[in-house]
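A.B. asks: below: sequence and its predicted model.
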Amino acid sequence: MRYALFIFILCCSNHLQADESTWSERLQIHGFASQAYINTSHNNFFGDSEDGSFEFTELGLNGSFQLSPKIRLASQVLSRRAGELDNGSPYIDYALVDIDLLSTARSTTGLYLGRVKNPIGLYNQTRDVAHTREGILLPQVIYFDTIRELLISSDGLHAYHHMYLDSGTLLMQAGLGYPITNKNVEYAFMGQDWNGKVGNDRLGFFGQLRYEYNGGRWIYSLSHANVTIDFKAGPQDTIPFPAGPGLNSGEIEVDYTVLSIQYNGKKWQLTAEAALEKVEFVEISDNFSEQSGRPFGYFIQANYLFTPRWQGFIRYEEWQRDRDDWDADEAAQRSLESSQLLSSFGIDQPPFPAHTNYSKAWVIGGRWDIKPNLMLRAEYHITDGTSSLPARENNIALSEKHWNMLAISLSYRF
Amino acid sequence: MPWKYIRVVITLLLLVSSPVQAQTLIAHPEQEQSQLSRTSLRAMFAMRLTQWPDGTPVRVFVLKDNDPIHIQFCKSVLGMFPYQLRKIWDRQVFSGTGIEPTVLDSEQEMLSRVAKTKGAIGYLENNSIDDSVKQLRTTL
């Protein structure tokens, strides 16, 4: 056994010499650290933000190792603290084997095997790295921090094919994997922590078609994700109404399509993305089935480079829980009736006003690159509606319709 | 149309007075290729095309993002802004789907690393190149 190991190491070192590449050329280590301060006029976002919160911290460390010309290993460990949503305990963000199946001057075809970041929109794969975002917070109308785990990465297999055309680069990626589900997902879709739990027994599909015209002057992308969350009702959930909530075990089907377009100019950068969603509650309860719907979210953002180190941006973002019930008058009416029905049984559940079903925000912000690796940011959000608020941090039914948010962050990368 | 003429004059003046040296692609002296298309170059500097046609792994060397030679190389040879390359590299590095090139501090280092590293590709200003590296032509 020892001899085998010795011979193996000898072979590896021989191979290294033959390839003339040193460990330093094969191994890359990178990381990032970011700390934000958030202050809201009303409602809570990432901690007790009405009094000012420092509970938004992101730390990451990753490595990539070229095992052979065709095989590469990569992994990242992430620690994220985000108010009640994330407590900062480290976890594996991705851990994959990248196998280059076929490389020519015109194309590359390969596989990612393991825990793979899902390519959704322009930002999902690197959403926790401040330097890769266009603001302190990604637009909460597409990149919901309340359900980030569900879409962020999946355990499975992705295939990719890149085509290097004279007009631009076409990047395709598609895969199957088990999504990550946790309490945040339960809160986001089912409003609270039930006695039962949500699980991820079903394979999800993730795919993206991305075209970078003329070296990325224009980027167009179409992404799609389809995941099914299982809900296994606990004993207390199944107690029939009105003594209990009367829930059954069932499923939540989430279908997510994102269209993206971006222009990258010398001074101006323009980005627009739209997300078409479909959420369907199956068999859990009539009440939940009524919440099935077709949400729609979009944002449009303009960035301007004043100097190479000073940047400003303005963004408008909007999300509607149901495309067929814009501004949610019908949903509010249903919630009111349901609340009245519950109170006739002596159950106190305040109705969810219309503004809990949408979010419309103007955001302005600035960025100062103090050094190439160190960045200071500030941004201000003026928001109408509370659909982006975490249910773990707020009593959503009683949330304040109009609220503002100031965020400041300092971010380092290497 | 006086404005049109003014623009032509300004452009000519800029061309005459421009102190910027032409940027030239350089490779390891044993590199068989003597020319590359802009399409292949963009794919190599984006760290997406990872092998030369003979199968040798590509080793990309660049200067810092804010180095004037890097900025000029990106614009005139790749037809891109440095921040676009940085975005591509960051997306790969922080999602595990790829890597970034080796960033060097000086032109001297660029010359010596490209001369010594098999499969290397980099760039320099014309007047700092010697016989230790091979010059590559770009075709559009």
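C.D. replies: Nice, thanks for sending it over.
A.B. asks: rest of the way, CA atoms for contacts and neighbours
C.D. replies: OK.
A.B. asks: just the element for the residue nearest the centre of chain A, please.
C.D. replies: Chain A has A:Arg148 as the residue nearest its centroid, 3.9 Å off, counting by Cα atoms, centre = their mean. Using DSSP states H and E, A:Arg148 sits within helix A:148-152.
A.B. asks: show me where chain B has helices.
C.D. replies: Assigned helices in chain B, in chain order: B:2-17, B:38-45, B:68-73, B:82-93, B:107-116 (criterion: DSSP state H).
A.B. asks: packing partners of the fourth one?
C.D. replies: When contacts are defined as 3 or more Cα pairs under 8 Å, 6 or more residues apart in numbering or on different chains; DSSP states H and E, helix B:82-93 packs onto no helix or strand at all.
A.B. asks: ok, residues contacting that helix?
C.D. replies: A:30, A:125-126, A:132, A:216, A:264, B:45-47, B:65, B:70-71, B:74-75, B:97-100 (Cα atoms under 8 Å, 6 or more residues apart in numbering or on different chains).
A.B. asks: and the residues you listed, which are buried?
C.D. replies: The neighbour count (16 or more other Cα atoms under 10 Å in any protein chain shown) marks A:30, A:125-126, A:132, A:216, A:264, B:45-47, B:65, B:70-71, B:74, B:97-100 as buried among the contacts of helix B:82-93.
A.B. asks: check what pLDDT A:Ile180 gets.
C.D. replies: With respect to pLDDT, A:Ile180 scores 87.
A.B. asks: tell me, how many residues neighbour A:Arg392?
C.D. replies: 22 (other Cα atoms under 10 Å in any protein chain shown).
A.B. asks: tell me which parts of the stretch 151-300 of chain A are close to chain B?
C.D. replies: Contacts of the stretch 151-300 of chain A with chain B, taken as Cα under 8 Å from any Cα of the partner chain, map to A:164-166, A:168, A:215-217, A:264, A:266.
A.B. asks: ok so, going back, the inter-axis angle of the helix or strand following the helix holding A:Arg148 versus helix B:38-45?
C.D. replies: Using DSSP H and E, the helix or strand that follows helix A:148-152 in sequence is strand A:153-164. Between strand A:153-164 and helix B:38-45, the angle comes out at 150 degrees (axes from the mean of the first three to the mean of the last three Cα atoms, to 10 degrees).
A.B. asks: report all helices and strands that the helix or strand that comes right after strand A:153-164 contacts.
C.D. replies: Using DSSP H and E, the helix or strand that follows strand A:153-164 in sequence is strand A:168-179. Counting contacts by 3+ Cα pairs under 8 Å, 6+ apart, strand A:168-179 packs against helix A:148-152, strand A:153-164, strand A:204-213.
A.B. asks: in its sheet, what does strand A:168-179 sit against?
C.D. replies: In its sheet, strand A:168-179 lies beside strand A:153-164 (antiparallel), strand A:204-213 (antiparallel), with partners assigned from DSSP bridges.
A.B. asks: let me have those in TSV, adding distance to B:Ile129 as columns.
C.D. replies: What follows is those, written out as TSV (distance: least, Cα to Cα, whole Å):
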stretch	distance to B:Ile129
strand A:153-164	29
strand A:204-213	32
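A.B. asks: TSV please, covering those and showing mean neighbour count.
C.D. replies: Putting the strands paired with strand A:168-179 into TSV (neighbours: other Cα atoms under 10 Å in any protein chain shown) gives the following:
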stretch	mean neighbour count
strand A:153-164	21
strand A:204-213	22
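A.B. asks: closest one to B:Arg38 among those?
C.D. replies: With Cα to Cα as the criterion, B:Arg38 lies closest to strand A:153-164 of the strands paired with strand A:168-179, at 10.3 Å.
A.B. asks: quick one: contacts of that closest one?
C.D. replies: Contacts for strand A:153-164 (Cα under 8 Å, 6+ apart): A:93-94, A:105-118, A:125, A:169-180, B:39-40, B:43.
A.B. asks: chain A versus B:Gly96, what's the distance?
C.D. replies: Going from B:Gly96 to chain A by Cα to the nearest Cα, to the nearest Å gives 5 Å.
A.B. asks: state the number of residues packed around that residue.
C.D. replies: Residues lying near B:Gly96 (other Cα under 10 Å) number 29.
A.B. asks: tell me who's in contact with it.
C.D. replies: A:64, A:74-76, A:94-96.
A.B. asks: recalculate using a threshold of 10 Å.
C.D. replies: Applying Cα atoms under 10 Å, 6 or more residues apart in numbering or on different chains, we find B:Gly96 in contact with A:62-64, A:72-76, A:93-98, A:112, A:115-117, A:125-126, B:90.
A.B. asks: and what of B:Asp67?
C.D. replies: Counting by Cα under 10 Å, 6+ apart, the residues that B:Asp67 touches are B:73, B:82, B:105-106.
A.B. asks: closest one to A:Leu406 out of the residues you listed, please.
C.D. replies: Distance to A:Leu406, by Cα to Cα, is smallest for B:Pro82 among the contacts of B:Asp67, at 30.6 Å.
A.B. asks: contact partners for the closest residue to A:Ala407 other than its chain neighbours?
C.D. replies: What sits nearest to A:Ala407 in space, not counting adjacent residues and going by Cα to Cα, 6 or more residues apart in numbering or on different chains, is A:Ile38, at 4.5 Å. By Cα under 10 Å, 6+ apart, the contact set of A:Ile38 is A:44-56, A:136, A:378-380, A:405-409.
A.B. asks: right, and A:Gly52 touches A:Asn39 too?
C.D. replies: Yes: the pair A:Gly52 and A:Asn39 qualifies as a contact (Cα atoms under 10 Å) at a distance of 4.4 Å.
A.B. asks: assign A:Phe352 to helix, strand or coil.
C.D. replies: Of the three states, A:Phe352 takes coil under DSSP: H, G, I helix; E, B strand; the rest coil.
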